[in-house]
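Colleague: here is my input, please return the structure:
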Amino acid sequence: MRPVVLRLLPDEHAICRLPAGTPGPAWSRGGAFTSVTATPDEVSVICAAAHVPEGVDHDRGWRVAQFEGPIALTEIGVLTSVLVPLAAAGASILAQSTFNTDYLLLKSVQLEVVVDALRAAGHVVNDA
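Modeller: Okay, here's the model as predicted:
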């Protein structure tokens, strides 16, 4: 497996929970990364923390790391090669995938430990 190159995106992000059936909110748009995921149980929004209005159930303090891509949908083990050393380091992680690449949400307070673990595993981490 080749080393993964990750780029830390700017800004603190938040993970928000909205009631099931809520349309993607306009306040979530903008910033370096936005994701809206709807399930029968909830709508989850990941966006710049500065955009989250008061009263929305959320967890702040996340940084987004973008995998250098595109990564072919047939490529096996890319995400695992990053998640295993992060799990061993005790990192809180939320993975998001798109058609072109993967993203990791990493707790800002753990960022130094995360970057050290990724580099020790042979991966490259760059700031935005």
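Colleague: and the closest residue to Thr22 other than its chain neighbours, how close does it get to Phe33?
Modeller: Spatial nearest neighbour of Thr22, chain neighbours left out: Val43 (4.6 Å); criterion: C-beta to C-beta, 6 or more residues apart in numbering. For the C-beta atoms, the positions are set from N, CA and C on the backbone; glycine is no exception. Look at Val43 and Phe33: by C-beta to C-beta, to the nearest Å, they are 17 Å apart.
Colleague: kindly report the same for Gly21.
Modeller: Taken as C-beta to C-beta, the span from Gly21 to Phe33 is 24 Å.
Colleague: and these two? Which one has more around it.
Modeller: Phe33 (19 against 9; other C-beta atoms under 10 Å).
Colleague: touching, that one and His51? I think so.
Modeller: No - with contacts defined as C-beta atoms under 8 Å, Phe33 does not count as touching His51, sitting 11.3 Å away.
Colleague: adjacent strands (with direction) for the longest strand along the chain?
Modeller: Longest strand of the chain, by residue count under DSSP state E: strand 57-67. In the sheet, strand 57-67 lines up against strand 5-8 (antiparallel), strand 13-19 (antiparallel), strand 102-107 (antiparallel) (DSSP bridges).
Colleague: which residues of this protein score low on pLDDT?
Modeller: 128 (pLDDT under 70).
Colleague: buried residues in whichever helix or strand comes after the longest strand of the chain?
Modeller: Downstream of strand 57-67, the next assigned helix or strand under DSSP states H and E is helix 78-88. Within helix 78-88, the residues that count as buried by 16 or more other C-beta atoms under 10 Å are 78-79, 81-82, 85-86.
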